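*Asks:* show me the folded form of this:
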Amino acid sequence: MKYFLYIISLATAFVSAEPHFIWTKNIAASNLIANSGVIPSMTIDKNGKVVVSYLSTRSPGNSHQLICAKETGNSGPFLPYKITPFDRGEIVSLTFSDEKAMAAANIPSGGVAFYSQNGNPISYKITKNTLNKVDNRIFSSFMERPSWHGEIGIEAGTINGTHKLQPKLIEKLREMHTPVYRFPGGTDIDYINWQDMIDNVPGRTNSAGEPLPRPVTIGHLGGSVSNFFGYDEFYDLTTNLGNEAIIPVNFRDAVADVKTLSDAALHAASLVAYCNAEQGASLPAGMIDWPAVRATNGHAASFGIKFFQIGNETWFYDDGISAITYANYVRAYVDKMREVDPNIQILVDAISSYQVAAVIDRIGTNGLYIVQHDYMPWQINNSNLKKNASPWSVDKLSMEDIWYAWVGIPNTFNSHGESIIGGMAIEQGRSKNLPVAVTEWNWNGWWDEPGNWYKSITAQAIGGAGYLHAYIRAGDVVSIACQSMTVGKNWPIASIVVSDAEKFDPFFLPSGMVTMFYSKYHGTSLIDIERKNVPTYNQPFKMNDIFSKDKVAIVDALATEDSTNIFFHVINRHFTKDIPVTIDLSAFSGMNSSAIHRKLQFAGYGWYEQTGPELGYFTNTPITISNNKVTVSLPKRSVSIIQFTK
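*Replies:* You can find the predicted model right below:
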């Protein structure tokens, strides 16, 4: 059949170096061919799919819809995604070309009608308005030594039978540019004896009085972990890399009556003494001369550890005690620990407003941080999966369904659909003017249903970038955030994967690369931006702790600055589409005309392989500012940092 082509283009134009665009508004219906009976319109449904509506010529007067494949920005054409209903002979397709979308309808009487629409550009203007500080320690890491489910953390990175880390692992750790490491726990810290992680402990000898080696530690679930990498090795590593440290102490000994309160507090203070007391210092009554033990182990000088945390996730074992009793226990610990070193900073869990108030009443606010942990979604299965509040099943999920749910975290978003964060510690930090330390966070989840379901460590990384944006936006109160965990051998939340048998070289997982990227390139202040035409999507799924959301920004951007640079940080959450954005710098005079577009991209769709390869890769593209503006293309499934020099 001979077809006659009729093309109508809307007048609005969008010029870009990249042949892509993003839908930001619906398109009004229009007659394309007089008396044809085909009256299409284009709209965007709540899931971001392009919907073409038209009147049927086979069923006169009846309106039908064709939902075309989710837009990708590539050339197409795309076959129908879903048709409700569809009459044979009336074929509608969707094609992207020259920054336009065109819907084509086959008219039985002869001819094809085309309807096209230009895209609307996404643009940002960076202002001089400072919103909050950005603490470098937000980009820190948790160097855990777990003992369960086959994971032993940093211990897996030791050279077999020695106290030394694999050299290539040290290279990776140096590359991370981590400000603060939290070590060594974690859940196990409240169930173990810190002395297992050092040599020459008084009384730990054989029948001949000779020192015994470090014992194997039994963790909270009965699993074991060796102690080749202990406090002395950790100190040497942080000295080598130039990191600060957070050391948690066992608090459960007191709360669960494993020891008397005075004995438990003295035990915690003994760890402070081993780390920080000078040789010959006056120590609390009944305390072993731990500085002398440290000297015997090769470190006469103090470690100078600044941060000590009172327990870990105390909400798991403080049931039945009042806020006042809890605060009294904290005071007993802090008093004894500061008797050893009065300058240490104290980190305490924020479980309730009453508890925080009671702690402040007893130890004051000087040198006090309050703590929260942020993880999601945990295990996902059919019992905790819903779509639009109705039960759903894993086998009905597409890759894109999973992707857009997993990257749309954490669970709170601002009016633009951009990631922000709440929580008890953040609320109390703002209320009481206290700094917050998020000593553990990450995208942490897994499928709890039989089957090989899509599990993307790239989606986890993009979700992790959402967490970082949230912490930066909460920089008025969040001073420290430690991504969990630094090194591991089989948990896919590690920043670096190692082989305890050295069968392969250590490699980065995507989530660790994101935090490393931000740690290297960021300013000291968050500055405001103005946004135009930023697309959003509806996320209808609840997957355990991931909640459904009405509005998630496809492009999540923020700007930071220091004295010499402006950094534009931007997440492209789109699964299949590169997206151009224009950045306006007209508020700043005298900017260097040259800038760098730094990109972190990921190979494939992010399937996890325990032995590698490394999926993430960095590229840098020089760009030029013209008339105070620059347009860059954000790769799909990526994080970008555009660096401008003042």
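
*Asks:* low-scoring stretches of the stretch 1-150 of the chain, by residue?
*Replies:* Residue ranges of the stretch 1-150 of the chain with pLDDT under 70: 1-120.

*Asks:* who's in contact with residue 238?
*Replies:* Applying C-beta atoms under 8 Å, 6 or more residues apart in numbering to residue 238 gives the contacts 181, 244, 245. Heads up, the C-betas are built off the backbone N, CA and C, glycines and all.

*Asks:* what's the burial count for the nearest residue to residue 150 once chain neighbours are set aside?
*Replies:* Counting by C-beta to C-beta, 6 or more residues apart in numbering, the nearest residue to residue 150 once its immediate chain neighbours are dropped is residue 490, at 5.6 Å. Residue crowding around residue 490 was assessed by other C-beta atoms under 10 Å; the count is 15.

*Asks:* can you list the domains in the chain?
*Replies:* For the chain, the domain assignment from automatic domain parsing gives the residue ranges 5-118, 123-129+527-645, 134-522.

*Asks:* checking the residue nearest to residue 184 when sequence neighbours are not counted next. Helix, strand or coil?
*Replies:* Closest residue in space to residue 184, ignoring its immediate chain neighbours: residue 145 at 4.4 Å, by C-beta to C-beta, 6+ apart. Reducing the assignment to helix, strand or coil with DSSP: H, G, I helix; E, B strand; the rest coil, the entry for residue 145 is coil.

*Asks:* swap in the one 10 residues further on?
*Replies:* When classified by three-state DSSP, residue 155 comes out as helix.

*Asks:* the stretch 51-200 of the chain: strands as residue ranges?
*Replies:* Ranges of strands in the stretch 51-200 of the chain, per DSSP state E, counting those that start in this stretch, are 63-68, 80-84, 92-97, 100-106, 112-118, 122-133, 140-142, 180-182.

*Asks:* any idea how far residue 282 lies from residue 341?
*Replies:* In this view, residue 282 and residue 341 are 12 Å apart by C-beta to C-beta, to the nearest Å.

*Asks:* between these two, which has more neighbouring residues?
*Replies:* Shown here are residue 282 and residue 341; by other C-beta under 10 Å, residue 341 has more neighbours (20 against 9).

*Asks:* right, and that one touches residue 272 too?
*Replies:* Yes. Counting by C-beta atoms under 8 Å, residue 272 is a contact partner of residue 341 at 5.6 Å.

*Asks:* thinking again about what came up before, could you pull up the residues touching the residue nearest to residue 150?
*Replies:* Under the criterion of C-beta under 8 Å, 6+ apart, the contact partners of residue 490 comprise 150, 151, 497, 610.

*Asks:* swap the cut-off to 10 Å and go again
*Replies:* Each residue near residue 490 by C-beta atoms under 10 Å, 6 or more residues apart in numbering is listed here: 149, 150, 151, 152, 156, 497, 498, 499, 500, 610.

*Asks:* taking those, tell me the two that lie furthest apart.
*Replies:* In terms of C-beta to C-beta, those reach their longest pairwise distance at 149 and 499, which sit 17.4 Å apart.

*Asks:* okay, these two: which has more neighbours?
*Replies:* Comparing residue 149 with residue 499 by neighbour count (other C-beta under 10 Å), the higher total belongs to residue 499, at 19 against 9.

*Asks:* not counting sequence-adjacent ones, nearest residue to the residue positioned nearest the centre of the chain?
*Replies:* Most central residue of the chain, judged by C-alpha distance to the mean C-alpha position with C-alpha atoms, centre = their mean, is residue 464 at 1.7 Å. If the residues on either side of it in the chain are set aside, residue 464 comes closest to residue 511, at 4.4 Å by C-beta to C-beta, 6+ apart.
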